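Trainee: 3D, please:
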Amino acid sequence: MIRKVCAAILFSAALGNLATAQVQSDSTTDLETVSINLEQAVEYAMANNRTLKSNDIDLEMKARAAKYSWNVFLPSVSVSGTMSRSTEYSPSSAAMSGGLKTDFVDEEEHWAAVGTVSASLNLSLAYIWQIRAKKAEYENGKISWEQSQKDTILNIKKLFYGLLLQQENLKIQKATLENARQRMVQAQTSYKAGAIPELSLLQTQVNYQNTKPDVESAEQSLIQSLDTFAFLLGMPVGTRIKLEGTIEPKYIDTDVATLIDNYGENDLDIRALKGQVDVLKMNLSALDIATWTPALSLNYGWQPAYIGSDGAFHFYKGIGNDDEWYDSGSLSLTLAWNVTNMLPWSSNRQQAKDLKANIAKLELTMETLRENQKVEVRKAVDTLNQAKAQIDAMGRNVTLAQRAYDATYRSYRNGMTELLDLRDAEESLNKAKLGLLNQKYSYISALMDLENTLNTPLSE
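Mentor: Take a look at the predicted model:
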């Protein structure tokens, strides 16, 4: 049972991290053992988890897009220089050569040097809403980043407690093995003294040998789980981890209605959906404004051409001499209004309808999330209440099982009880201890899920 719980937790957390993780090379086979508690594990993961580092980059990109979203108001400016060759001999070239028409014309007279400077600026009221949408996308990015952080912390905490549960199970199995060994040693002494038959000795030896493989398997499984945990934290391969902590829950009094009323809107999933709806509404407003209001376009162009007598290849000689340059330019202000976009069957209006439909879908999803949140909160509260009652009951059961085992052990030592009865009493005691630990883990896990759902540290 314990192995299945821990294996499931480790596997689920590994899926979210292995996609982006890369194994770090290590020249040594094993590093020194590192003792780590829950707070240190969370802190280390926050600093070294590769998925979180990738999310930091995504958030940085959204922040930059929001910071410079005003750049839609920057004009487009371009500068170019052109050397063009005409295949015909122009009259202007003849005039520059004194009007003499000859069969041979210098190659340079076929060329012209022209420069171009152009600037354009498009202005629309829709730009304001586009800028607001970019800033809203950044706010949504922060919510997604926060959700990723909390999911990582939740996975690390569940893994930590799952490993503690696996570790406690190993301790119980080792204690059982030690008891089996002591009974075998005692049986050997009693057999040599003639106090018990050989069959009783053989039974203790078989019991001890049968217990050893289970303990060795559990120990190896724990080592592998700790190696996986170290990898998920971002530690070098080969690091040995020693966990410091206990499975002791912090109990709280909970009420479903109060939790929903006070913390329901803190849910990051709901907040993220609200942000997405806001962004879509801004994009819809920008699209409508661009459709129903005209856009202003400003264009300016300047085109100087060299007409000096030195030829096009020597245009640099005319720099600073306005008489050897011919200037042409223009300034235009255009007010444009796309009438086609106003038609109800145009692609523009269809896009607006799609945005409205997506907004309606997100609002339905938000309602579903709110209802699902109530179900999850109710389920978590029921689990907490049930686990708390089970913890109280199993605590008493452990005490009774311990007393029963101690009495059976004394009776066995006095030769009044069979080995099978002692083993049954020991198995009942182990089940009681593991059952108590499992219920404590269930309480801790349910409380962490509830805190994650409501985005509120209830245990504090």
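
Trainee: ranges for the helices of the chain?
Mentor: For the chain, the helices defined by DSSP state H occupy 2-18, 38-48, 50-67, 91-96, 126-192, 198-233, 256-263, 268-292, 347-413, 419-454.

Trainee: for the second one, what is the average pLDDT?
Mentor: Over the span of helix 38-48, the pLDDT mean works out to 88.

Trainee: Out of the helices of the chain, which is closest to residue 335?
Mentor: helix 268-292 (13.9 Å; C-beta to C-beta). Quick note: C-beta positions are derived from backbone N, CA and C, even for glycine.

Trainee: which residue sits closest to the residue positioned nearest the centre of the chain, ignoring its sequence neighbours?
Mentor: For the chain, the residue nearest the mean C-alpha position is residue 148 (3.8 Å; C-alpha atoms, centre = their mean). The shortest distance from residue 148 to any non-neighbouring residue, by C-beta to C-beta, 6 or more residues apart in numbering, is to residue 55 (4.8 Å).

Trainee: Now for residue 84: which residues touch it?
Mentor: 111, 112, 114 (C-beta atoms under 8 Å, 6 or more residues apart in numbering).

Trainee: let's see it at 10 Å
Mentor: 110, 111, 112, 113, 114, 305, 312 (C-beta atoms under 10 Å, 6 or more residues apart in numbering).

Trainee: Just the pLDDT for it.
Mentor: With respect to pLDDT, residue 84 scores 81.

Trainee: Please name the bridge partners of it.
Mentor: For residue 84, the beta-bridge partners are residue 112 (DSSP bridges).

Trainee: which residues of this protein score low on pLDDT?
Mentor: The chain contains residues with pLDDT under 70 at 1-31, 88-108, 308-312, 314, 316-318, 320, 322-323, 460.

Trainee: try it again with 80
Mentor: 1-32, 49-50, 85-112, 195-196, 237-238, 306-327, 412, 415, 417-420, 459-460 (pLDDT under 80).

Trainee: Mind listing what's buried along stretch 62-78?
Mentor: Buried positions in stretch 62-78, judged by neighbour count with 16 or more other C-beta atoms under 10 Å: 62, 66, 69.

Trainee: Let's have those residues in TSV, adding distance to residue 372.
Mentor: Below are the buried residues of stretch 62-78 laid out as TSV (distance: C-beta to C-beta, whole Å):
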residue	distance to residue 372
62	27
66	31
69	34
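
Trainee: returning to that earlier point: and the helices of the chain: which comes nearest residue 301?
Mentor: helix 91-96 (22.6 Å).

Trainee: between the contacts of residue 84, which is closest to residue 411?
Mentor: The closest of the contacts of residue 84, once distances to residue 411 are taken by C-beta to C-beta, is residue 114, at 112.5 Å.

Trainee: Kindly tell me how buried the closest one is, as a neighbour count.
Mentor: 17 (other C-beta atoms under 10 Å).

Trainee: what sits against it?
Mentor: Going by C-beta under 10 Å, 6+ apart, the list of residues near residue 114 reads 80-84, 303-306, 312, 315, 326, 328.

Trainee: what's the distance between it and residue 82?
Mentor: 5 Å (C-beta to C-beta, to the nearest Å).

Trainee: can you list residues touching both of those two?
Mentor: Taking C-beta under 10 Å, 6+ apart as the criterion, residue 114 and residue 82 both touch 303, 305.

Trainee: Mark out where each domain of this protein begins and ends.
Mentor: Domain assignment for the chain by automatic domain parsing gives 1-74+131-246, 249-294+353-460.

Trainee: Out of those domains, which gets nearest to residue 343?
Mentor: Each of the domains of the chain has some distance to residue 343 by C-beta to C-beta; the shortest is domain 249-294+353-460, at 9.9 Å.

Trainee: Show me how far that closest one is from its chain's centre.
Mentor: Put simply, domain 249-294+353-460 sits 21 Å off its chain's centre (C-alpha atoms, centre = their mean, to the nearest Å).

Trainee: ditto for stretch 205-223
Mentor: 39 Å.

Trainee: Could I get the buried residue list for that stretch?
Mentor: So stretch 205-223, judged by 16+ other C-beta under 10 Å, has buried residues 207, 208, 211, 215, 218, 221, 222.

Trainee: Of all the domains of the chain, which one is nearest residue 124?
Mentor: Set against residue 124 and scored by C-beta to C-beta, the domains of the chain come closest in domain 249-294+353-460, at 5.9 Å.

Trainee: Wait, the residue nearest to residue 148 touches residue 143, no?
Mentor: No. At 11.6 Å, residue 55 and residue 143 do not qualify as touching, with contact defined as C-beta atoms under 10 Å.

Trainee: Near residue 36, how many residues? Count them for me, please.
Mentor: Other residues near residue 36 come to 22 when the count uses other C-beta under 10 Å.

Trainee: ok, it to residue 53 distance?
Mentor: Residue 36 sits 20 Å away from residue 53, taking C-beta to C-beta as the criterion.

Trainee: One more: residue 306?
Mentor: From residue 306 to residue 53 the distance is 56 Å (C-beta to C-beta).

Trainee: of the two, who's got more company?
Mentor: Applying other C-beta under 10 Å to residue 306 and residue 53 shows that residue 306 carries more neighbours, namely 23 against 12.

Trainee: Surely residue 154 is in contact with residue 452?
Mentor: Yes. With contact defined as C-beta under 10 Å, residue 154 and residue 452 form a contacting pair (5.2 Å).

Trainee: and residue 179, what does it touch?
Mentor: 207, 208, 211, 405, 409, 422, 423, 426.

Trainee: sorry, that was for residue 379
Mentor: Per C-beta under 10 Å, 6+ apart, neighbours of residue 379: 256, 446, 449, 450, 453.

Trainee: What is the neighbour count of the second one?
Mentor: Pointing back at residue 446 there. Other residues near residue 446 come to 20 when the count uses other C-beta under 10 Å.

Trainee: okay, now the residue lying closest to it once chain neighbours are set aside: neighbour count?
Mentor: In this structure, residue 446 finds its nearest non-sequential neighbour in residue 383, 4.0 Å apart by C-beta to C-beta, 6+ apart. Residue 383: 17 surrounding residues under other C-beta under 10 Å.

Trainee: swap in the one 5 residues further on?
Mentor: Burial of residue 388, expressed as a neighbour count using other C-beta under 10 Å, amounts to 19.

Trainee: can you tell me which residues contact it?
Mentor: When contacts are counted by C-beta under 10 Å, 6+ apart, residue 388 touches 249, 251, 252, 253, 254, 439, 440, 442, 443.

Trainee: picking up where we left off before, need the contacts of residue 114 in JSON lines (columns: distance to residue 132).
Mentor: Listed next are the contacts of residue 114 as JSON lines, based on distance: C-beta to C-beta, whole Å:
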{"residue": "80", "distance to residue 132": "36"}
{"residue": "81", "distance to residue 132": "41"}
{"residue": "82", "distance to residue 132": "42"}
{"residue": "83", "distance to residue 132": "47"}
{"residue": "84", "distance to residue 132": "46"}
{"residue": "303", "distance to residue 132": "39"}
{"residue": "304", "distance to residue 132": "42"}
{"residue": "305", "distance to residue 132": "45"}
{"residue": "306", "distance to residue 132": "48"}
{"residue": "312", "distance to residue 132": "51"}
{"residue": "315", "distance to residue 132": "49"}
{"residue": "326", "distance to residue 132": "47"}
{"residue": "328", "distance to residue 132": "41"}
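
Trainee: Thanks again, I'm all set now.
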